[in-house]
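Trainee: Got a sequence here, can you build the structure:
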Amino acid sequence: MNLELRHLRVICAIAEAGSVTKAAAVLGLAQAALTAQLHRIEGALGGTLFDRDRRGARPTALGELVLARARVLLPAVEGLREDAARLASAAVLERYRIGAVNGPILGGLVHRLAAEQPDARITTLPAWSADELAGMVAGSRLDFTLIGVCGDASPPSSQGLEWRQIALDPVFVLVPDAHPASGWSEVELAELSDARWLATPGDGCFSDCFAAACVRAGFTPQEMYETDLAGCYDLVSAGDAVALCQPTFRVVPGVSAVPLAGVPLRWRHVLGWHPDSPAAEIAERVVAHAAAAYAEVVGRSAAYQAWLVANPGYGPSATPVV
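Mentor: Numbers count the residues shown, from 1 in each chain. Purely as a prediction, here's the structure:
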């Protein structure tokens, strides 16, 4: 029989209790079972460890030797486990792998994490597919993902992730400065019925929700272009299209963001992680950083701040997503 740590714990328990009977009660074993185990341990060590009589069990010289070593080894192993656990936890806190679709939160989140932990290894992965990013979190290839969700739609649910809503935004429209609606406080969707539309790509229901909103407004929209944010700015500023946009988008020269009357479309920013991953242990802190990053972006836009005052219920909202 190979000697194991559990055998050393048995020897210590008998010595501390002063008898096999008392040690069996402490260990939750039958006396006969503990006696048999002691015999096997003594066989492995080559001698008797305790002198046993009606007064109890007293260590022999060999027993004293084994006890002396056990009382060093057992605390050392426990200390090793504790140190390893702390190191493993620190390693998780030093690594952040974040996947994100286009949105206002990622830059500020990375900045805050880097400021809080200058030595942290932070990597980011951009993607258009929320499902792809959720799958990477579920597969432990990412720690967190920032995605957008249309209206009341749910984030990807097949991967078993936990989601937290960071903010709820209205959808605005990006128009060139030469457009009649440029500078308006809001524009009716129907007044844009002849426009060619732009949006950034994704795998959610946004395009279907947009088409349904147009039908409710009394028209069928032209086929939508899909391009990245830089392409949206270029095409809008050239006067070739208008773009559905988040109100937190940076407004560049030549274009302006105008609210859609009645808020026919909404966009939720959500942060996800796997509840059984190491990331779950630090998720609340990351949520707080994400919320602060969003609030900072909103703070740069006086126009959007004014809109939020007039339209309560939108903006920051760090709430669980059921």
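Trainee: And the strands in the chain?
Mentor: Using DSSP state E, the strands of the chain run over residues 50-53, 56-59, 95-100, 121-126, 144-150, 162-170, 172-176, 197-199, 225-226, 242-245, 255-259, 266-273, 315-320.
Trainee: mind putting those in a markdown table, mean neighbour count and distance to Ala302 included?
Mentor: Just so you know, the C-beta spots here come from the backbone N, C-alpha and C atoms, and that holds for glycine as well. Output for these, formatted as a markdown table (neighbours: other Cβ atoms under 10 Å; distance: least, Cβ to Cβ, whole Å):
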| stretch | mean neighbour count | distance to Ala302 |
| --- | --- | --- |
| strand 50-53 | 14 | 82 |
| strand 56-59 | 17 | 80 |
| strand 95-100 | 22 | 26 |
| strand 121-126 | 13 | 29 |
| strand 144-150 | 24 | 24 |
| strand 162-170 | 22 | 16 |
| strand 172-176 | 24 | 15 |
| strand 197-199 | 20 | 25 |
| strand 225-226 | 15 | 30 |
| strand 242-245 | 24 | 17 |
| strand 255-259 | 22 | 12 |
| strand 266-273 | 24 | 21 |
| strand 315-320 | 15 | 14 |
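Trainee: how about those strands in CSV, adding mean pLDDT?
Mentor: Conversion of the strands of the chain to CSV gives the following (pLDDT from 0 to 100):
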stretch, mean pLDDT
strand 50-53, 92
strand 56-59, 92
strand 95-100, 94
strand 121-126, 94
strand 144-150, 95
strand 162-170, 95
strand 172-176, 95
strand 197-199, 92
strand 225-226, 88
strand 242-245, 94
strand 255-259, 94
strand 266-273, 95
strand 315-320, 76
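Trainee: Tell me which of these lies nearest to Val20.
Mentor: When the strands of the chain are compared for distance to Val20 using Cβ to Cβ, the nearest one is strand 56-59, at 5.8 Å.
Trainee: from the chain's centre, how far out does the closest one sit?
Mentor: Using Cα atoms, centre = their mean, to the nearest Å, we find the averaged C-alpha position of strand 56-59 to lie 55 Å away from the chain's own average C-alpha position.
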